[in-house]
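[1] My questions concern the predicted model and sequence given below.
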Amino acid sequence: MGLRVLLCVAAVCLALLLAGCVGGSGGTGDSLTYSLPTTLNVPLGEPIPGTDITFFEYSEQGARFLIKGQPALKRTGDSLRWSGEQAPGVKVELQLRLVHANATSARLAGTAKIVVRQVSPSDDPPNTQALVHYTGPVAYGVAKGARLPGTTLTYVGPADDGAELGGLGEYPYRLTGDSILWEGRLGAHASLKLDVRVVQFDERALRVAGLATLWLH
(Lines give C-alpha, C1' and ligand atoms only; values in the text may rest on other atoms or scores of the structure.)
Protein backbone atom coordinates (compact mmCIF):
# COMPACT_ATOMS: atom_id res chain seq x y z
CA MET A 1 0.00 0.00 0.00
CA GLY A 2 2.88 2.34 0.83
CA LEU A 3 4.45 1.76 -2.59
CA ARG A 4 1.18 2.54 -4.33
CA VAL A 5 0.86 5.85 -2.50
CA LEU A 6 4.45 6.75 -3.34
CA LEU A 7 3.83 5.99 -7.01
CA CYS A 8 0.72 8.22 -7.03
CA VAL A 9 2.61 11.07 -5.40
CA ALA A 10 5.48 10.66 -7.86
CA ALA A 11 3.04 10.73 -10.79
CA VAL A 12 1.45 13.95 -9.57
CA CYS A 13 4.85 15.56 -8.99
CA LEU A 14 5.94 14.59 -12.50
CA ALA A 15 2.74 16.03 -13.94
CA LEU A 16 3.31 19.27 -12.10
CA LEU A 17 6.88 19.45 -13.35
CA LEU A 18 5.78 18.88 -16.94
CA ALA A 19 2.97 21.39 -16.62
CA GLY A 20 5.43 23.98 -15.41
CA CYS A 21 7.78 23.70 -18.38
CA VAL A 22 5.58 23.07 -21.41
CA GLY A 23 2.39 24.40 -22.92
CA GLY A 24 -0.91 22.66 -22.57
CA SER A 25 -3.98 23.61 -24.52
CA GLY A 26 -6.48 26.41 -24.58
CA GLY A 27 -9.27 27.61 -26.74
CA THR A 28 -12.02 30.07 -27.42
CA GLY A 29 -15.55 29.30 -28.47
CA ASP A 30 -15.66 26.00 -30.33
CA SER A 31 -11.90 25.72 -30.99
CA LEU A 32 -9.05 24.13 -29.05
CA THR A 33 -5.33 24.86 -29.34
CA TYR A 34 -2.65 22.39 -28.27
CA SER A 35 1.09 23.11 -28.07
CA LEU A 36 2.80 19.76 -27.71
CA PRO A 37 6.41 18.59 -27.84
CA THR A 38 6.76 15.93 -30.51
CA THR A 39 9.25 13.43 -31.90
CA LEU A 40 8.84 11.84 -35.32
CA ASN A 41 10.62 8.94 -37.00
CA VAL A 42 10.51 9.23 -40.79
CA PRO A 43 11.55 6.21 -42.90
CA LEU A 44 13.71 6.87 -45.97
CA GLY A 45 11.48 7.57 -48.97
CA GLU A 46 8.50 8.57 -46.82
CA PRO A 47 6.98 12.00 -46.03
CA ILE A 48 6.74 13.48 -42.57
CA PRO A 49 3.24 12.23 -41.63
CA GLY A 50 0.55 14.67 -42.72
CA THR A 51 2.94 16.89 -44.70
CA ASP A 52 4.45 17.18 -48.19
CA ILE A 53 8.05 17.11 -46.88
CA THR A 54 9.79 13.86 -47.84
CA PHE A 55 13.04 12.33 -46.56
CA PHE A 56 14.37 11.07 -49.89
CA GLU A 57 18.15 10.60 -49.57
CA TYR A 58 20.93 10.06 -47.05
CA SER A 59 24.69 10.47 -47.53
CA GLU A 60 27.77 11.30 -45.48
CA GLN A 61 26.86 14.98 -45.91
CA GLY A 62 23.53 14.53 -44.14
CA ALA A 63 19.83 13.94 -44.84
CA ARG A 64 18.12 15.39 -47.88
CA PHE A 65 14.47 16.34 -47.74
CA LEU A 66 12.23 17.39 -50.60
CA ILE A 67 10.60 20.70 -49.59
CA LYS A 68 8.20 22.42 -52.01
CA GLY A 69 9.72 20.39 -54.83
CA GLN A 70 13.31 21.34 -54.01
CA PRO A 71 15.99 19.20 -52.31
CA ALA A 72 17.27 20.54 -49.00
CA LEU A 73 20.30 19.19 -47.16
CA LYS A 74 19.73 18.95 -43.41
CA ARG A 75 22.41 18.10 -40.87
CA THR A 76 22.00 17.32 -37.18
CA GLY A 77 20.43 20.32 -35.46
CA ASP A 78 19.03 21.90 -38.64
CA SER A 79 15.42 23.07 -38.72
CA LEU A 80 12.36 21.82 -40.59
CA ARG A 81 9.14 23.84 -40.51
CA TRP A 82 5.71 23.13 -41.96
CA SER A 83 2.19 24.47 -41.56
CA GLY A 84 -1.13 23.54 -43.08
CA GLU A 85 -4.26 21.44 -42.55
CA GLN A 86 -3.58 17.82 -41.61
CA ALA A 87 -7.31 17.06 -41.44
CA PRO A 88 -10.40 19.09 -42.32
CA GLY A 89 -10.72 21.85 -39.75
CA VAL A 90 -7.39 21.01 -38.08
CA LYS A 91 -4.43 23.35 -38.66
CA VAL A 92 -0.96 22.22 -37.58
CA GLU A 93 2.30 24.15 -37.32
CA LEU A 94 5.42 22.00 -36.96
CA GLN A 95 8.73 23.44 -35.79
CA LEU A 96 11.20 20.58 -35.87
CA ARG A 97 14.94 19.92 -35.88
CA LEU A 98 16.88 16.94 -37.18
CA VAL A 99 18.10 14.85 -34.26
CA HIS A 100 19.60 11.91 -36.13
CA ALA A 101 19.57 10.34 -39.57
CA ASN A 102 20.94 7.23 -41.25
CA ALA A 103 20.31 5.20 -44.40
CA THR A 104 16.96 3.94 -43.16
CA SER A 105 15.28 6.77 -41.23
CA ALA A 106 15.46 10.31 -39.87
CA ARG A 107 14.47 11.31 -36.36
CA LEU A 108 12.98 14.76 -35.77
CA ALA A 109 12.05 16.57 -32.57
CA GLY A 110 10.35 19.86 -31.79
CA THR A 111 6.86 21.22 -31.21
CA ALA A 112 3.47 20.89 -32.82
CA LYS A 113 0.86 23.63 -32.49
CA ILE A 114 -2.52 22.12 -33.29
CA VAL A 115 -5.70 24.15 -33.68
CA VAL A 116 -8.90 22.09 -33.85
CA ARG A 117 -11.92 24.07 -35.02
CA GLN A 118 -15.63 23.30 -34.56
CA VAL A 119 -14.97 21.10 -31.53
CA SER A 120 -17.96 19.01 -30.48
CA PRO A 121 -16.81 16.34 -28.00
CA SER A 122 -18.55 12.97 -27.99
CA ASP A 123 -18.00 9.56 -26.39
CA ASP A 124 -17.79 7.91 -29.81
CA PRO A 125 -14.80 5.51 -30.05
CA PRO A 126 -11.61 7.35 -31.07
CA ASN A 127 -9.90 6.51 -34.33
CA THR A 128 -6.59 5.29 -32.90
CA GLN A 129 -5.45 3.87 -36.25
CA ALA A 130 -4.98 7.31 -37.82
CA LEU A 131 -1.50 7.82 -39.29
CA VAL A 132 -1.09 11.33 -37.89
CA HIS A 133 -1.04 11.55 -34.11
CA TYR A 134 0.62 13.60 -31.37
CA THR A 135 1.14 13.04 -27.64
CA GLY A 136 2.28 15.52 -25.03
CA PRO A 137 1.76 16.91 -21.51
CA VAL A 138 -1.17 19.17 -20.67
CA ALA A 139 -2.35 20.97 -17.56
CA TYR A 140 -5.79 22.46 -16.91
CA GLY A 141 -7.54 24.56 -14.32
CA VAL A 142 -11.26 23.81 -14.67
CA ALA A 143 -13.76 26.12 -12.98
CA LYS A 144 -16.60 24.61 -10.98
CA GLY A 145 -19.39 23.73 -13.39
CA ALA A 146 -17.09 23.88 -16.44
CA ARG A 147 -15.98 21.13 -18.80
CA LEU A 148 -12.54 19.56 -19.06
CA PRO A 149 -11.30 20.85 -22.46
CA GLY A 150 -12.12 18.52 -25.33
CA THR A 151 -14.17 16.09 -23.24
CA THR A 152 -17.73 15.49 -22.08
CA LEU A 153 -16.62 15.58 -18.41
CA THR A 154 -17.46 18.46 -16.04
CA TYR A 155 -16.22 19.46 -12.61
CA VAL A 156 -19.27 19.41 -10.35
CA GLY A 157 -17.37 20.50 -7.25
CA PRO A 158 -15.78 19.20 -4.04
CA ALA A 159 -17.53 16.53 -1.99
CA ASP A 160 -16.75 14.37 1.06
CA ASP A 161 -15.44 11.61 -1.22
CA GLY A 162 -13.30 13.92 -3.38
CA ALA A 163 -13.67 16.00 -6.52
CA GLU A 164 -16.97 15.11 -8.17
CA LEU A 165 -17.00 14.71 -11.94
CA GLY A 166 -20.05 14.81 -14.17
CA GLY A 167 -20.38 12.71 -17.31
CA LEU A 168 -18.25 9.74 -16.24
CA GLY A 169 -21.02 7.15 -16.14
CA GLU A 170 -19.26 5.46 -13.19
CA TYR A 171 -17.98 6.30 -9.70
CA PRO A 172 -17.58 10.08 -10.02
CA TYR A 173 -15.17 10.99 -7.18
CA ARG A 174 -11.41 11.53 -7.37
CA LEU A 175 -8.94 12.44 -4.63
CA THR A 176 -5.66 14.28 -5.16
CA GLY A 177 -3.34 11.99 -7.12
CA ASP A 178 -6.20 9.95 -8.64
CA SER A 179 -6.41 9.44 -12.39
CA ILE A 180 -9.04 10.63 -14.85
CA LEU A 181 -9.21 8.88 -18.22
CA TRP A 182 -11.38 9.99 -21.14
CA GLU A 183 -11.43 8.78 -24.75
CA GLY A 184 -13.61 10.07 -27.53
CA ARG A 185 -13.86 12.38 -30.51
CA LEU A 186 -13.42 16.12 -30.80
CA GLY A 187 -15.37 16.04 -34.06
CA ALA A 188 -15.46 14.21 -37.37
CA HIS A 189 -11.72 14.47 -38.00
CA ALA A 190 -9.98 14.45 -34.61
CA SER A 191 -9.92 12.01 -31.70
CA LEU A 192 -8.62 12.52 -28.17
CA LYS A 193 -7.35 10.45 -25.27
CA LEU A 194 -6.95 12.48 -22.08
CA ASP A 195 -5.04 10.71 -19.28
CA VAL A 196 -4.57 13.09 -16.34
CA ARG A 197 -4.36 13.08 -12.53
CA VAL A 198 -5.94 15.37 -9.98
CA VAL A 199 -3.40 17.91 -8.73
CA GLN A 200 -5.73 19.98 -6.49
CA PHE A 201 -9.41 20.85 -6.11
CA ASP A 202 -11.56 23.23 -4.09
CA GLU A 203 -14.81 25.17 -4.27
CA ARG A 204 -13.55 27.23 -7.18
CA ALA A 205 -11.70 24.87 -9.50
CA LEU A 206 -10.20 21.49 -10.30
CA ARG A 207 -6.58 21.32 -11.41
CA VAL A 208 -5.30 18.35 -13.39
CA ALA A 209 -2.13 17.46 -15.30
CA GLY A 210 -1.08 14.56 -17.48
CA LEU A 211 -1.00 13.54 -21.13
CA ALA A 212 -3.16 14.21 -24.18
CA THR A 213 -3.00 12.11 -27.35
CA LEU A 214 -4.56 13.50 -30.53
CA TRP A 215 -5.30 11.51 -33.66
CA LEU A 216 -6.08 13.41 -36.88
CA HIS A 217 -8.12 11.63 -39.55
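    Ah, there it is. Predicted, not measured: the structure shown is a model, and the values here were computed from it.
[2] List the beta-bridge partners for residue 195.
    Counting by DSSP bridges, residue 195 is bridged to residue 181, residue 211.
[3] burial measure for residue 130, as a count.
    For residue 130, the count of nearby residues is 18 (other C-beta atoms under 10 Å). For glycine as for every other residue, the C-beta is placed from the backbone atoms N, C-alpha and C.
[4] could you list every residue that touches it?
    191, 215, 216, 217 (C-beta atoms under 8 Å, 6 or more residues apart in numbering).
[5] cool, residue 125 as well?
    For residue 125, the contacting residues are 183, 184, 185, by C-beta under 8 Å, 6+ apart.
[6] coming back round to it: next step: the contacts of residue 130 restricted to strands.
    Here DSSP state E is the test, and the contacts of residue 130 give 191, 215, 216 as lying in strands.
[7] Please report how far the second one lies from residue 133.
    So the one you mean is residue 215. 5 Å (C-beta to C-beta, to the nearest Å).
[8] If you tally nearby residues, what's the number for the closest residue to residue 68 other than its chain neighbours?
    Of all residues not flanking residue 68 in the chain, residue 52 sits nearest, at 7.7 Å (C-beta to C-beta, 6 or more residues apart in numbering). With neighbours defined by other C-beta under 10 Å, the count for residue 52 comes to 12.
[9] Residue 142 - that's part of a strand, no?
    Yes - judged by DSSP: H, G, I helix; E, B strand; the rest coil, residue 142 forms part of a strand.
[10] Could you tell me how many residues sit around it?
    Around residue 142 sit 20 other residues, with neighbours defined as other C-beta under 10 Å.
[11] isn't it right next to residue 205, touching?
    Yes - contact criterion C-beta atoms under 8 Å: residue 142 and residue 205 qualify, at 6.0 Å.
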